[in-house]
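Colleague: I'll drop the sequence and a predicted model, then ask my questions.
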Amino acid sequence: MNLDRYGGPTLSLFRIVAGLMFLQHGVAKMFGLFGGAGGTGETVEFGAWPGFWSALVELGCGSLIALGLFTRVAAFLASGAMAYAYFTVHQPQGLVPFENHGELAAMYSWSFLLICILGPGTWALDTLIRRRYGANAEPSADQRENVGRRV
């Protein structure tokens, strides 16, 4: 059984789920839904560091990652934001993620780094755009040379 064909769709599902979960954190902080910022039911103050800006990254990058649009850039930014959150908020409270309650930040950081490196997968707007407009691009010299030849 050839399992290679499931790689693209599986990566896409992973990306969509991770993006939507990340997006929920931004929605909670910005709009007070799902228990609000930190479970208080409140929203973060506009422009407040770092709460507002982390919510903006979660909202924006989570949406882009879930849609598969500008995926690598959004995932890189989200990964960096979560690494920053881990090292500034959690790591000073203890060395081990289980001890300092930084597991979620660490997992998001590594997950988004993986998406950044591997790309968006098969089911993504980036892939759709590349297929649609990549087909209209002018062929390279090698492609022009090999037109009509069978490999």
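Modeller: Nice, thanks for sending it over. Computed from a prediction, not measured in an experiment: that's the story for all the values here.

Colleague: Sketch out the low-pLDDT regions of the chain for me.
Modeller: Residue ranges of the chain with pLDDT under 70: 1, 135-151.

Colleague: which one's the longest helix in it?
Modeller: Scanning the chain for the longest helix, with DSSP state H as the assignment, gives helix 7-31.

Colleague: could you point out which element follows it?
Modeller: helix 51-67 (DSSP states H and E).

Colleague: That next one packs against which elements?
Modeller: When contacts are defined as 3 or more C-beta pairs under 8 Å, 6 or more residues apart in numbering; DSSP states H and E, helix 51-67 packs onto helix 7-31, helix 71-85, helix 103-118. C-beta: built from backbone N, CA, C; applies to glycine.

Colleague: burial count for Ala78?
Modeller: Neighbour count of Ala78, defined by other C-beta atoms under 10 Å: 27.

Colleague: So it sits against Gly62, correct?
Modeller: Yes - taking contacts as C-beta atoms under 8 Å, Ala78 lies within contact range of Gly62: 7.3 Å.
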